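> Make a model of this:
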Amino acid sequence: MTMVILTSLLYENKSMPSDNMLSALFVSIHCILWSICVAYVIYTCGTGGAPVLNGTLSWKGWLPISKLTYQAYLIHLPLLEYISGIHT
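Got it, this is the predicted structure:
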């Protein structure tokens, strides 16, 4: 997962010269690599292969934050529709 993140940081570095082949390769595989990394984390946590990571992600302290972000997710679309209706 770190490799995917660091690769995206290198890709976003504007001081490096742009290589079209490298850009095309990154754009074509970065979503797939990110999905594979997330699936691997879910699999290892589910099978007990990463107890420290599983304990961190299962920590009860995340519960209030998760409720707040879910509420923000539910509210953001009606709020955007309301705001865009006002400005039209």
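> Packing partners of the longest helix anywhere in the chain?
Counting residues, the longest helix found in the chain (DSSP state H) is helix 20-47. Where contact means 3 or more CB pairs under 8 Å, 6 or more residues apart in numbering; DSSP states H and E, helix 20-47 is packed against helix 2-12, helix 51-57. For the C-beta atoms, the positions are set from N, CA and C on the backbone; glycine is no exception.
> lowest-pLDDT helix or strand in this protein?
helix 2-12 (a mean of 62; mean pLDDT, DSSP states H and E).
> how does the chain divide up, domain by domain?
Here the domain parsing of the chain from automatic domain parsing is 1-57, 59-88.
> Reformat the ones you listed as JSON lines; add mean neighbour count.
As requested, the domains of the chain are exported to JSON lines (neighbours: other CB atoms under 10 Å):
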{"stretch": "domain 1-57", "mean neighbour count": "11"}
{"stretch": "domain 59-88", "mean neighbour count": "9"}
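> Could you tell me the least trusted of those domains?
Set side by side, these differ in mean pLDDT, and domain 1-57 is lowest with a mean of 79.
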